[in-house]
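Enquirer: dropping the sequence and predicted coords here.
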Amino acid sequence: MTAQLSFPHVNHEMFVENVSIADIAAQVATPFYCYSQTAIETNYTNYQQAFSEQDALICYAVKANSNQGVLATLAKMGSGADVVSMGEIRRAIAAGIPANKIVYSGVAKTAEEIHYALRQGILQFNVESEPELELISEVATALNITAAVAFRINPDVCAQTHAKISTGKAENKFGVPISKARIAYNRAAELPGIKVQGVDVHIGSQLTNLAPFEEAYQRIATLVTDLRADGHDISVIDVGGGLGITYQDEVLPSKQDYANIVKAQLNHLGCKIIIEPGRSLLGNAGVLVSSVVFVKQGEEREFLILDAGMNDLIRPSMYDAYHGIVAVSQKDKSLNTYDIVGPVCETGDTFAKSRQIHQSKAGDLVAIMSAGAYGSVMSSTYNTRMLAPEVMVKGEQFSVVRARPNYDDVINADTIPQWL
Ligand SMILES: Cc1ncc(COP(=O)(O)O)c(C=O)c1O
Ligand SMILES: N[C@@H](CCCC[NH3+])C(=O)O
C-alpha cells in the first residue's frame with residue numbers, strides 16, 4: 001500500500017485504511033490528526049529496501065512527528081532516532097528506541113542535555129560548532145565517559161527548497177563551515193573525552209531534486225579523504241534527511257534513486273551510513289481532519305471556515321505551504337471554490353485561497369492532506385485552543401494516541417501570583 005492509498009475514498013466516503021473517517025470523527029470530535037500505521041511501515045520498508053546494499057542505519061528525525069505511537073511503530077521496525085533536544089531523547093527512549101541508535105543534532109546543546117545524552121550512551125553527537133565540542137569534552141571528562149562525535153559540516157550548497165528550511169548554505173546557522181572542518185577535527189583529536197568517528201551533513205528539508213544532495217555528498221567524500229590523510233579515523237557518514245514528498249504536483253525522486261546517489265558518492269569510503277529521514281517517513285501518512293463551522297459569503301469570495309486553525313497546522317501560514325484539502329464525503333456533491341480558513345484571529349490563518357473542493361456545508365468534514373510530518377509537533381494553544389488529539393489507524397482498528405487536553409488542565413497550568 002502506498003501512503004496515498006492509505007486514505008482512499010470508497011463509495012465517495014473517505015477512509016483511513018479500513019476505518020471510516022466519519023466514524024472516528026463521531027467518537028473523537030474534530031479537529032484531530034489521523035495517521036495510517038501501515039503507511040508509516042511502508043515508507044520505512046521502502047527506505048530499508050532502497051539501502052539494503054549499504055551498511056545503513058535509519059535514524060528517524062523525531063522532530064517530524066514525536067508521538068509515542070509513531071516512535072513505537074518505528075522502534076519495532078528497528079529504527080534509530082535523530083534527536084535535537086533532551087525531550088526528544090526522552091521520547092525516543094520511552095518509545096523503545098535504544099540509546100545506541102540515537103544521534104544527537106542541534107546547534108545549542110546545553111551542558112545538562114549533553115550530560116543526559118552521555119549517561120544514556122547515545123551513538124553519536126553531531127557537533128555543530130567548536131564551542132559545543134569544548135563543552136562536550138568538559139562534560140564527558142567529568143563523567144569519565146568518551147563521547148563519540150561527528151561534526152555536522154555546512155557544505156555551502158543550495159538545497160533548492162524554501163529559504164526557511166534550507167540549512168546547508170554558508171549563511172545558515174547550522175554546522176561547521178567546510179572550509180574550517182580540518183581545523184575543527186584536529187582540535188577534536190586533541191581533546192580529552194572525545195572520540196572522532198564520523199562526518200555529518202544535512203542541507204535542508206523538502207528537497208525535490210537530487211542534485212543538491214549529490215553536490216553535498218561529493219564535498220563530504222573529498223573531506224573524508226582529507227580527514228583520513230590528517231590521521232582521523234572516520235568510519236561513519238551521516239547523510240542527514242531532507243528527501244521531500246508530493247504535496248501538490250511535485251515529481252519526487254524515489255527512495256531508491258536517493259540511495260543510489262548516496263552509494264555512488266560515498267560507497268568507496270567503506271563507512272557506515274546513517275540516514276535521518278523525517279518528512280518522507282511521516283508526511284503522507286497523516287491527515288488533519290476538521291469540520292466546517294460556517295460557510296460565509298464574503299464580498300468577493302466564499303469562505304469555508306474550519307474548526308482547525310493555524311495553531312493546529314502552521315505550515316501554510318509559515319511557509320505558504322500547499323496542502324491538499326478534500327471533502328471527506330463526496331457523495332452527490334459538485335465542486336465549488338472557496339477560501340479555506342481557520343478560526344484564529346489572524347489573517348494568516350488561511351489554509352488555501354480559491355481552492356476547488358466538493359461543495360460543503362456547516363458540519364461537513366474535510367481532510368487536510370500530507371499533514372503527518374511537521375503538523376501536530378508544530379501546533380500550539382494560541383487563542384487558548386486545545387491541542388488537537390492524534391489517532392492512529394491499523395487495518396480495522398484505531399486508537400487515540402494522544403488525547404485532547406481539557407480546559408481545566410490548560411488553564412490551571414498557570415498560577416496567579418499570591419501578591420496580586
Ligand atoms: C539534522 C536534521 N536531520 C534530519 C532532518 C529531517 O529532515 P526531513 O524531515 O526533511 O527528512 C532535519 C530537518 O530538516 C534536520 O534538521
Ligand atoms: N518545519 C519544516 C521542516 C523543518 C525541518 C527541520 N530541520 C516544515 O514544516 O516543512
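Expert: The structure has been received and is ready for your questions. Numbers count the residues shown, from 1 in each chain. Ligands and ions are numbered 1, 2, ... in the order given.

Enquirer: so what's the gap between the helix or strand hosting residue 288 and the chain middle?
Expert: Per DSSP states H and E: residue 288 is located in strand 286-297. Strand 286-297 has its C-alpha centroid displaced from the chain centroid by 25 Å (C-alpha atoms, centre = their mean, to the nearest Å).

Enquirer: show me which positions of it end up buried.
Expert: Using 16 or more other C-beta atoms under 10 Å as the test for burial, strand 286-297 gives 286, 287, 288, 289, 290, 291, 292, 293, 295. The way it works is simple: take the backbone N, C-alpha and C, and place the C-beta from them, glycine included.

Enquirer: ok, so of the residues you listed, who is nearest residue 392?
Expert: The closest of these to residue 392 turns out to be residue 286 (C-beta to C-beta; 9.2 Å).

Enquirer: report the beta-bridge partners for the closest one.
Expert: Using DSSP bridges, the bridge partners assigned to residue 286 are residue 35.

Enquirer: so who does it touch?
Expert: Residues near residue 286 by C-beta atoms under 8 Å, 6 or more residues apart in numbering: 33, 34, 35, 36, 65, 370, 371, 372, 373, 375.

Enquirer: report the rounded mean pLDDT for the strand holding residue 288.
Expert: Mean pLDDT, strand 286-297: 98.

Enquirer: ok, then the element right after it?
Expert: Sequence order places strand 302-306 as the next helix or strand after strand 286-297, per DSSP H and E.

Enquirer: the strand holding residue 288 close to ligand 2?
Expert: No - using C-beta under 6 Å from any ligand atom, strand 286-297 never reaches ligand 2; the gap is at least 12.6 Å.

Enquirer: what does the stretch 51-200 of the chain put close to ligand 2?
Expert: Proximity of the stretch 51-200 of the chain to ligand 2 (C-beta under 6 Å from any ligand atom) is limited to residues 63, 165.

Enquirer: ok and the residue in the stretch 51-200 of the chain nearest ligand 1?
Expert: Closest residue of the stretch 51-200 of the chain to ligand 1, C-beta to the nearest ligand atom: residue 61 (3.4 Å).

Enquirer: is it true that that residue touches residue 274?
Expert: No - the criterion here is C-beta atoms under 8 Å, and residue 61 misses it with residue 274 at 11.2 Å.

Enquirer: now do the contacts for the residue nearest to the residue of the stretch 51-200 of the chain closest to ligand 1 when sequence neighbours are not counted.
Expert: Once flanking residues are discounted, residue 61 sits nearest to residue 278: 3.2 Å by C-beta to C-beta, 6 or more residues apart in numbering. Residue 278 makes contacts with 60, 61, 62, 63, 64, 65, 82, 205, 241, 373, 374, as judged by C-beta under 8 Å, 6+ apart.
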